[in-house]
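>>> Below is the sequence, then the predicted model.
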There are 2 protein chains.
Amino acid sequence: MKQSFKYTAVFFAILTVIVFGCKQPQTKTDSTGQEAAVSKDPLPSWNEGTSKQSIIDFVTKTTKEGTADFIPVADRIACFDNDGTLWSEQPMYFQLAFAIDRIKAMAPKHPEWKTTQPFKALLEGDLKTAMAGGEHALLQIVMATHAGMTTEEFEKTVADWMATATHPKTGKHYNEMIFEPMLELLKYLRANDYKTFIVSGGGVEFMRTWTEQTYGIPPYQVIGSSGKVKYEVIDGKSFLVKLPEINFNDDKEGKPVGIQQYIGKRPVFTAGNSDGDYAMLQWTSTGSIYPRFGLIVHHTDAVREYDYDRKSPIGNLEKGLDDAAKYNWLIVDMKTDWKRIYPFDK
Amino acid sequence: MKQSFKYTAVFFAILTVIVFGCKQPQTKTDSTGQEAAVSKDPLPSWNEGTSKQSIIDFVTKTTKEGTADFIPVADRIACFDNDGTLWSEQPMYFQLAFAIDRIKAMAPKHPEWKTTQPFKALLEGDLKTAMAGGEHALLQIVMATHAGMTTEEFEKTVADWMATATHPKTGKHYNEMIFEPMLELLKYLRANDYKTFIVSGGGVEFMRTWTEQTYGIPPYQVIGSSGKVKYEVIDGKSFLVKLPEINFNDDKEGKPVGIQQYIGKRPVFTAGNSDGDYAMLQWTSTGSIYPRFGLIVHHTDAVREYDYDRKSPIGNLEKGLDDAAKYNWLIVDMKTDWKRIYPFDK
């Protein structure tokens, strides 16, 4: 792997942020072992219109046995980006907020950080100076906060953070800032025997700590960027130690690669929100059999969420908008298509 | 990754072989969406005795809510090695048989192989000379047969081979040489809400072509060794091209690492048959919460299958036998514990 690629990997590995422990609708199976019964309207937080209808039309036609559009259950693979698609990603990727909070918490044991960049700037609250070091600075931040401990220690750290940290704009826990319409879509697909996967540039071990509770997506259906781990046995106890070395960068062209390595099937449904998702949307939409559905969440609501697309430092969306018609991708307009954004919205 | 590690990876990447398209008991869900109802005896191909009883005791106690031994459904993760655990692996790993058959099929387009080792020896049926080149020779064989094509082309090649190739001893298709008692165990665990995964040193794309049909294990629950792939778009069509470069070696200490990268949870049940499975059995059995079950298939039946363990070039089992008592691993004696070996046995 080229060094530059490694650094890009680190950039994305640091990004997906997180939520944990908040109250939200049950997404797990009920006492009969089935997903909670879908009401007459499977997408109540979606306004009536062509966006909502096109989703329902797709699910309806692909699950009707004996028709040309029918997709067998084994091939109903649906992939979702996380940052900006299932939850918010502004003003910074939530995983970066986690990393910065970790730097602050760990600082007492690292007196050298008071005089070393990017740590010095971060501790002084000067994100701009800290990030002036570019990918190398990000690499240092990720390695200081995501490596050098066991996987179980890291999981606990994420869980503790998710239960306490809050978002600067809403004051809510990060795992409350998930998109209610997308939660409904996940449940609707699962109720129709689609398997739902997360395919994110964010760190896989960061996400897996909370995705099962928050989205109903178990750890083994979460694909993300990752660092290497090493198996160790000490005094009869076994550990996986997180190493300061990138294992996989699940972004851009890495997303179809990750889908192949982890899922082993080409998806028929994919949702994203930025050009980091372009390749996996294209991989989905250019399959030679079955109907295909690509969905792009367009952040158009400055009041209820954020408003950004082209030239945005986070969630940049250009190629996706340019080629949406060519690939028949649905551009979901948050402002007009969604009745509610977050579960805590009235 | 060190070069020596890469070559070992290749060795194991070439190994898991395959079956495809044979008749066998349905392992998929029935019309009610449930696993086929488990009869009164969930393991009819197991002889009565302590081995069978200890499995049933474990499943019974871990699924009884309100007891100290109860394991929540989300944590019921069961991992199975493939070669020698779910199907036979003699006289050579079935995936190596596939690779050799591919070399023969591709030879007309590679006249240079007539004079180049290890290809020359393979084409002359002299496996010993071909393998004298060690890991480097294996690497050449794997790369010639597992790279330089798209993932979809490779899948078709494996499927075609599985439908036609037969085993030298039994004359059966390779995917008929699966262990009926282990199929029953997979179904029994799933019927009790365990998720079953394959964790094999074999090539993941080789396995995924047939594991869903043969074992009821979908591609995204199959972990194995893998090569790198590259995303490419040509004339509006998208491909993943298999590169002649190792991505991951899922063997020995790589198995707990693979479990972490792909599943993200420590298993509570693991089955293997060789020292390649020692680390994942140990990782399973040294977890700090929940009851744990480790199972080793011991090949003791020279008449119905094969008889081998210590110092075997394939499926070498020494540490596993030495430490079975220490970790409370069940050593399954094929000859005495199993009523039937293969589904085609009477």
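Done, it's in. Numbering: from 1, shown residues only, chains lettered A, B, ... in the order given.
>>> can you list the residues of the stretch 51-200 of chain A near chain B?
Contact residues (Cβ under 8 Å from any Cβ of the partner chain) of the stretch 51-200 of chain A with chain B: A:A74, A:T151, A:K195, A:F197. Placement of C-beta: from N, CA and C, glycine included.
>>> can you pick the most crowded of these?
With neighbours taken as other Cβ atoms under 10 Å in any protein chain shown, the top of those is A:F197, carrying 22 neighbours.
>>> so is that one in a helix, a strand, or just coil?
Three-state call for A:F197 (DSSP: H, G, I helix; E, B strand; the rest coil): strand.
>>> Could you double-check that it lies in contact with A:R76?
No - using Cβ atoms under 8 Å, A:F197 is not in contact with A:R76, being 11.2 Å away.
>>> just the strands in chain A please.
Secondary structure of chain A, counting by DSSP state E: strands at A:77-80, A:195-203, A:222-234, A:237-248, A:269-272, A:293-300, A:307-308, A:330-333.
>>> I'd like the mean pLDDT over the longest one, please.
Averaged over strand A:222-234, pLDDT sits at 97.
>>> Packing partners of that strand?
helix A:3-13, strand A:195-203, helix A:204-208, strand A:237-248, helix A:254-262, helix B:254-262, helix B:278-285 (3 or more Cβ pairs under 8 Å, 6 or more residues apart in numbering or on different chains; DSSP states H and E).
>>> Include mean pLDDT and distance to A:W338 when you put those into TSV, please.
Shown next, in TSV, are the helices and strands packed on strand A:222-234 (pLDDT from 0 to 100; distance: least, Cβ to Cβ, whole Å):
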stretch	mean pLDDT	distance to A:W338
helix A:3-13	39	26
strand A:195-203	97	19
helix A:204-208	97	23
strand A:237-248	95	32
helix A:254-262	98	24
helix B:254-262	98	34
helix B:278-285	98	44
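>>> Which pair of the residues of the stretch 51-200 of chain A next to chain B spans the longest distance?
Using Cβ to Cβ, these reach their maximum pairwise distance at A:A74 and A:T151, which is 30.9 Å.
>>> All the helices of the stretch 101-250 of chain A, in order from the start?
With DSSP state H, counting those that start in this stretch as the definition, the stretch 101-250 of chain A shows helices at residue ranges A:119-123, A:127-131, A:134-146, A:151-164, A:180-191, A:204-208, A:211-215.
>>> A:R304 contacts A:F344, correct?
No - here A:R304 does not reach A:F344: they are 11.4 Å apart, not a contact under Cβ under 8 Å.
>>> if I pick the residue of the stretch 1-150 of chain A found nearest chain B, what's in contact with it?
Going by Cβ to the nearest Cβ, chain B is nearest to A:A74 of the stretch 1-150 of chain A, at 6.3 Å. Contact analysis of A:A74 by Cβ atoms under 8 Å, 6 or more residues apart in numbering or on different chains lists B:E212, B:P218.
>>> and if we set it to 10 Å?
A:D193, A:K195, A:K265, B:K28, B:E212, B:Q213, B:P218, B:P219 (Cβ atoms under 10 Å, 6 or more residues apart in numbering or on different chains).
>>> Next, the contact list for the residue lying closest to the third one once chain neighbours are set aside, please.
Which is A:K265. Nearest residue to A:K265, sequence neighbours excluded (Cβ to Cβ, 6 or more residues apart in numbering or on different chains): A:I77, at 5.1 Å. By Cβ under 10 Å, 6+ apart, A:I77 lies in contact with A:71, A:194-197, A:259, A:263-270, A:284, B:218-220.
>>> now these: which count as buried?
Those of the contacts of A:I77 that meet the buried threshold are A:71, A:194-197, A:259, A:263-270, A:284, B:218-220, by 16 or more other Cβ atoms under 10 Å in any protein chain shown.
>>> And the helices of the stretch 101-250 of chain A: which comes nearest A:T50?
Nearest of these (Cβ to Cβ): helix A:180-191, 14.8 Å.
>>> and the angle for the closest one with strand A:195-203?
With axes from the mean of the first three to the mean of the last three Cα atoms, to 10 degrees defining the directions, helix A:180-191 sits at 140 degrees from strand A:195-203.
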